[in-house]
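> structure for this input, please:
(one chain, ligands or ions: 1)
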Amino acid sequence: MKDTTKTATLTLNGQSYELPVLSGTAGPDVIDIRKLYTQAGVFTYDPGFTSTASCDSTITYIDGEKGELLHRGYPIDQLAEKSHYLEVCYLLLYGDLPTAAELEDFESRVTKHTMVHEQMQYFYRGFRRDAHPMAIMVGVVGAMSAFYHDSTDINDPWQREVASIRMIAKMPTIAAWAYKYHIGQPFVYPRNDLDYASNFLRMCFAVPAEDYEVNPILARAMDRIFTLHADHEQNASTSTVRLASSSGANPFACIAAGIACLWGPAHGGANQACLEMLKEIGTPDRIPEFIARAKDKNDPFRLMGFGHRVYKNFDPRAKVMKQSADEVLDLLGIDDNPILQVAKELEKQALEDPYFAEKKLFPNVDFYSGIILEAMGFPTSMFTPIFAVSRTVGWISQWKEQQSDPAHKIGRPRQLYLGATRRDYVDIENR
Ligand code: CMC
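Just a heads-up that it's a prediction; the model follows:
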């Protein structure tokens with residue numbers, strides 16, 4: 001973070017206040033208002049943080065106008081094509097691409113932590129059989145702090161490291177078991193001779209009576225989905241993790257908070273909502289009706305998988321996801337998938353529509369991901385848990401960055417109060 005010679009001047013009640021302007025390595029400058037309240041006695045007002053930088057970070061950068069996403073400087077399309085999820089995890093966590101030896105050591109550390117405490121099985125069994133896998137994940141991940149006491153001291157860098165590895169390693173097992181429980185099948189244990197994505201697919205689709213032969217092309221597609229969702233700077237769930245951790249809460253509790261936030265349909269829940277929407281549309285001839293509904297101010301309906309707070313251009317992840325959808329369906333011999341046809345036609349018609357063009361609404365990462373996941377055999381209820389598995393490394397990297405900054409403070413926003421002013425209590429008989 002660089003101080004610039006620039007300042008911004010705020011004039012209020014006839015008095016001027018000079019506010020420092022800070023520059024990052026990319027992106028807009030920020031006006032530093034940290035001393036504003038002490039000096040001028042006012043707050044700033046920005047519900048939804050549309051113009052507020054809540055922290056400084058060196059992990060991920062998005063240029064929403066260009067439609068560019070960089071992790072530690074590397075473009076997401078290059079990472080999706082040339083790298084793989086665990087290498088991207090290393091990059092996000094430690095700042096640079098690993099050497100071959102560093103990668104081998106990291107992969108071995110993650111692989112050796114894939115099992116979860118055996119007693120956690122009983123915790124799963126407390127959930128109703130038909131519980132949504134996200135509900136199970138919020139509970140089980142929060143409960144990890146009751147099982148892994150030896151990595152909850154956030155002031156110990158070693159424990160922070162152990163908690164990070166545990167979380168990345170165990171999240172596929174936790175999500176796969178949430179799925180198994182949800183469909184009434186026995187839990188399948190991880191196998192350490194498999195790569196991260198293959199292991200996850202096998203834990204979801206194998207049964208004790210019959211193993212699951214992992215198709216390497218599907219494993220690659222799964223790995224790419226993990227990679228594309230790995231981090232996305234200060235989005236709602238990441239900001240939730242940071243806010244929870246700012247109070248000193250343990251990492252498992254913080255990640256559980258992130259999973260809860262991710263669940264909503266405006267965020268990670270959009271992939272489930274999007275596929276459900278595409279199925280509801282059903283055939284291309286019904287698209288105009290749904291586009292008209294999305295444009296109607298009196299109808300709460302929105303095109304799911306469309307629009308983004310930051311991207312005012314194509315979401316670069318959506319481009320890779322669309323290509324992946326074609327590859328996976330082709331591999332599975334599904335060349336006439338009606339939902340993919342509806343998705344492509346909907347994208348085309350929406351992009352040609354002035355409403356979407358003027359508001360700069362483009363397909364986001366969730367638009368095509370559900371089609372791939374369904375083709376792989378996942379029910380819609382597993383889409384957001386898979387997003388949670390992928391995003392865990394982003395949450396953890398941002399949490400570690402925050403915790404290793406000695407200057408970090410508890411997050412404590414203020415408010416514009418519109419309620420009743422002071423009034424005296426009235427006894428019940430006089431009301
Ligand atoms: N369909 C129709 N209109 C839309 C849509 C949409 N999908 N998205 C935004 N708009 C309109 C909105 O009505 C508003 O119009 P106006 O200015 O006339 O009031 C304008 O565009 C700006 O929308 P906003 O809600 O103020 O923008 P936001 O930055 O607060 O919301 C968003 C971003 C992603 C929540 C929103 O675009 C949306 O609800 N999209 C659908 C859900 C979705 O796909 N979410 C996944 C996001 S990417 C993955 C992730 O974050 O997890």
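> if I pick whatever residue of the chain ends up closest to the ligand, what's in contact with it?
Closest residue of the chain to the ligand, CB to the nearest ligand atom: Gly307 (2.4 Å). For every residue, glycine as well, the C-beta is placed using N, CA and C. If you count contacts by CB atoms under 8 Å, 6 or more residues apart in numbering, Gly307 has them with Lys359, Leu361, Phe362, Asn364.
> ok, Lys319 next?
Per CB under 8 Å, 6+ apart, neighbours of Lys319: Asp77.
> return the residues of the stretch 301-431 of the chain in contact with the ligand.
Applying CB under 6 Å from any ligand atom, we find that the stretch 301-431 of the chain lies next to the ligand at 302-309, 359, 361, 364-366.
> find the nearest non-adjacent residue to Gly139, please.
Residue nearest to Gly139 in three dimensions, not counting chain neighbours: Phe127, with 7.0 Å by CB to CB, 6 or more residues apart in numbering.
> which residues touch the one you found?
Going by CB under 8 Å, 6+ apart, Phe127 touches Ala135, Ile136, Gly139, Tyr181.
> redo those as a markdown table? Include pLDDT and distance to the ligand.
Below are the contacts of Phe127 laid out as a markdown table (pLDDT from 0 to 100; distance: CB to the nearest ligand atom, whole Å):
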| residue | pLDDT | distance to the ligand |
| --- | --- | --- |
| Ala135 | 96 | 18 |
| Ile136 | 97 | 20 |
| Gly139 | 96 | 21 |
| Tyr181 | 95 | 25 |
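> just the buried residues of these.
Buried subset of those (neighbour count, 16 or more other CB atoms under 10 Å): Ala135, Ile136, Gly139, Tyr181.
> just how off-centre is the helix or strand where Gly258 lies within its chain?
Per DSSP states H and E: Gly258 is located in helix 251-262. Its chain's C-alpha centre and that of helix 251-262 lie 11 Å apart, by CA atoms, centre = their mean, to the nearest Å.
> could you do stretch 279-295 as well?
27 Å.
> ditto for stretch 301-312
15 Å.
> what's the mean pLDDT across it?
Stretch 301-312 shows a mean pLDDT of 93.
> list the buried ones in that stretch?
Those would be Arg302, Leu303, Met304, Gly305, Phe306, Gly307, His308, Val310, Tyr311, Lys312, for stretch 301-312 by 16+ other CB under 10 Å.
> and the end-to-end length of that stretch?
20 Å (CA to CA, to the nearest Å).
> cool, and stretch 181-191?
This stretch, stretch 181-191, spans 19 Å end to end (CA to CA).
> list the buried residues for that stretch?
Tyr181, His182, Gln185, Phe187, Val188, Tyr189, Pro190.
> if I read this right, the fifth one contacts Val207, doesn't it?
Yes. With contact defined as CB atoms under 8 Å, Val188 and Val207 form a contacting pair (7.2 Å).
> and the stretch 151-300 of the chain, which residues reach the ligand?
Going by CB under 6 Å from any ligand atom, the residues of the stretch 151-300 of the chain near the ligand are Asn235, Ala266, His267, Gly268, Ala270, Ala294.
> got the buried residues for the lengthiest helix in the chain?
For the chain, the longest helix by residue count, based on DSSP state H, is helix 157-183. Across helix 157-183, burial judged by 16+ other CB under 10 Å covers 159-160, 162-182.
> next: stretch 228-248.
By neighbour count on 16+ other CB under 10 Å, the buried set for stretch 228-248 is 228-246.
> among the residues you listed, which are located in strands?
Of the positions in those, not one sits in strands, assigned by DSSP state E.
> which strands or helices does the longest helix of the chain pack on?
In terms of contact count using 3 or more CB pairs under 8 Å, 6 or more residues apart in numbering; DSSP states H and E, helix 157-183 is assigned the packing partners helix 100-111, helix 120-125, helix 133-147, helix 196-205, helix 251-262, helix 383-403.
> mind doing that once more with 6 Å?
Helix 157-183 sits against helix 100-111, helix 133-147, helix 196-205, helix 383-403, with contacts defined as 3 or more CB pairs under 6 Å, 6 or more residues apart in numbering; DSSP states H and E.
> can I get those helices in CSV with distance to Asp63?
As requested, the helices and strands packed on helix 157-183 are arranged in CSV below (distance: least, CB to CB, whole Å):
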stretch, distance to Asp63
helix 100-111, 28
helix 133-147, 31
helix 196-205, 29
helix 383-403, 18
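> thanks again, I'm all set now.
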